[in-house]
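1. One predicted model, sequence on top.
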Amino acid sequence: MKARSDMAKRKPEDLDKLVLTILRSTGGRSLSAYGIAEAAPVRITPVQVYRTLDRLAQRRCVQRIECLNAWAALPAQANAISVCTSCEIVRPLLSRSIEPAILEATGDAHFVPARTVVEVIGLCEHCQDAD
Ligand SMILES: [Zn+2]
């Protein structure tokens, strides 16, 4: 096992950059916090990863993929996500009609949404062709 330098004294900005680099190098796959810690070339704890993900999520640099219990680097303007059940590639989706439809439905139900997650589960183009 190769020795890894310690991230314990690194600045939050260094951890942000490291976690974003890891998530942007997965080819569209999401990673769990533990997966991010394992992929890091330096030693970082899962707690450091969670704190970093919280900061990055507040800045909308990363999104939690609820159905996979994982995280992905997606553009901030994505308001929905497609998740392939075969290869687990996650892609951003953009629609002008999703948010108005959700606000209409939640308004009719007298419900105030704090956060909206739209994850569309299915097969990506590549995995459809593989069948
Ligand atoms: Zn796929």
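-> Received, thanks.
2. what's the distance between the residue nearest to Arg29 when sequence neighbours are not counted and Leu23?
-> Nearest non-adjacent residue to Arg29, counting by C-beta to C-beta, 6 or more residues apart in numbering: Glu88, 5.7 Å away. The way it works is simple: take the backbone N, C-alpha and C, and place the C-beta from them, glycine included. Using C-beta to C-beta, to the nearest Å, we find Glu88 at a distance of 14 Å from Leu23.
3. Settle it for me: which of the two has more neighbours?
-> Leu23 (24 against 18; other C-beta atoms under 10 Å).
4. What residues are bridge-paired with the closest residue to that one other than its chain neighbours?
-> Nearest residue to Leu23, sequence neighbours excluded (C-beta to C-beta, 6+ apart): Ala73, at 3.9 Å. Counting by DSSP bridges, Ala73 is bridged to Val62.
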